[in-house]
Structures are given as structure tokens and as C-alpha cells.
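Chemist: return atomic coordinates for the entry below.
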Amino acid sequence: MSAPTIARLKITLDNVEPVVLRRIEAPLSIPLDRLHLAIQAAMGWTNSHLYEISVKEARWSDPGPEWGRGGPHNARKTCLGDVLDGFGTKTLRYLYDFGDDWQHTIKVERLVEPEPGVLYPRLIEAVGQCPPEDVGGPWGYAELLEAIGNPDHERHDEFREWIGGGFNPKDIDADALAEELAALAKRWSRKPAAKRKRASQDQ
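Modeler: Numbering: from 1, shown residues only. So this is what the prediction gives:
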């Protein structure tokens, strides 16, 4: 019997209340740059800022001149399974937006067998709406919630106008998030044209 190849990941957004967490299942073979995109889709972020995945002192992200010298490793060249095996850990850190500093904890809860006919990654649980982009990190998000929930708050009208009305942190469209992740899984499951052509020639 082959070893399980799917990791069930619990992703928690740190330092915010109410709780924001996602559970997704992803193959151990997923490159870290795609894991980043899967987290973005599952959380509801817009992929508008830099990110970093880290374990201990090791860091990975997309390569680019903005990092300068001594930047992180190339996330496209490392897969989740390599990180788990190489560092002997079940916990990773994910940082999104170096200005707002959204810190996430990724925990591998278990390894499971892939289900027949299922495309991965997939969302299996979603709790809490993720904060709006560019709100100012956990501190700014806490102020936003306080202001929009209190008509007497000095920034109540300002925040309601900025957010476009009300905002309920517990109101989440899990189906929409699942569809976003499913669209990625479907796109990644397609074979490149060159491989499809070669396969048809070999038949």
C-alpha cells in the first residue's frame, strides 16, 4: 500500500478576532508558489502583495528584484513534501502583505489517501471572513470592527464608506471560496499542450 500523498492543512490567521481559519487538502507534491495561491483563494485574499512561506530560518517566495540580495528561496522549485521531510516539521508560517503583516500558521493535521475523482487542492472547512485588504493589519482590522459596530465611534461613517457599507466578520461565502480553489485545481490538473501532443503521438 502506497504512502498517503494528500496533506490536510489547518490555516489560521493569527492575531485576529473572531477566528479566521481554513482547512484545505493539498498534495504533498504541490510547489510552494501554488500553495500560496491556494491559500489566497481559500482565505479570500486578492493576491495583491508579496508573500513568504517560512520554516525556522528558511524562507520561500516568488523570485524578483524587490527582494535584493539575500532574498528567499524560489517557491516554484520546492514542494510541500520536501519542506516537511527536510525540516521534520508539521508547522509552517505564511506571511502575506509585508505592510499589513498578515501572519498565518499552517499546521499539517494528517496525511490521507487521495479520493478517486477528486481534484486537489480543495477546501473542506472555512470559518470567518478574512479581513479587507489594506485595512492596516490586525490592529487596523480591530479598529474597523469596533468603528463599524458602534454608530457613536468617531470613524464609524468613514469606515462604512470605505468598506462600502456593513461588514460581518462571521458572514462567509464558503461555497464561493471552494469554487475559487476548485478552479485552480482544475487548471493545474491540465497537461501542458506539449505533453498532450507527445502523449497522443506515443499512442
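
Chemist: okay, CA-based contacts and neighbour counts for the rest of this
Modeler: Fine.

Chemist: domain ranges for this structure?
Modeler: Split into domains by automatic domain parsing, the chain comes to 6-130+170-191, 132-168.

Chemist: with mean pLDDT as added columns, please give those in JSON lines.
Modeler: Output for these, formatted as JSON lines (pLDDT from 0 to 100):
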{"stretch": "domain 6-130+170-191", "mean pLDDT": "94"}
{"stretch": "domain 132-168", "mean pLDDT": "92"}
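
Chemist: W45 touches C130, doesn't it?
Modeler: Yes. Look at W45 against C130 with Cα atoms under 8 Å: they come within range, at 7.2 Å.

Chemist: more neighbours, those two?
Modeler: More neighbours surround C130 than the other of W45 and C130, with 21 against 16 (other Cα atoms under 10 Å).

Chemist: the more buried one reaches A42, doesn't it?
Modeler: No. C130 is beyond contact range of A42, at 9.6 Å (criterion: Cα under 8 Å).

Chemist: please, which helix or strand holds V135?
Modeler: Using DSSP states H and E, V135 maps to neither a helix nor a strand.

Chemist: which ones are touching R93?
Modeler: The contact partners of R93, taken as Cα atoms under 8 Å, 6 or more residues apart in numbering, are I53, S54, V55, Q103, H104, T105, I106.

Chemist: that one belongs to a helix?
Modeler: No. Assessed with DSSP: H, G, I helix; E, B strand; the rest coil, R93 is strand; it does not lie in a helix.

Chemist: ok, back up a step: for the contacts of R93, give me CSV that also has neighbour count, secondary structure and distance to A3.
Modeler: What follows is these, written out as CSV (neighbours: other Cα atoms under 10 Å; DSSP: H, G, I helix; E, B strand; the rest coil; distance: Cα to Cα, whole Å):
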residue, neighbour count, secondary structure, distance to A3
I53, 23, strand, 25
S54, 17, strand, 25
V55, 16, strand, 24
Q103, 21, strand, 31
H104, 21, strand, 28
T105, 17, strand, 25
I106, 22, strand, 22
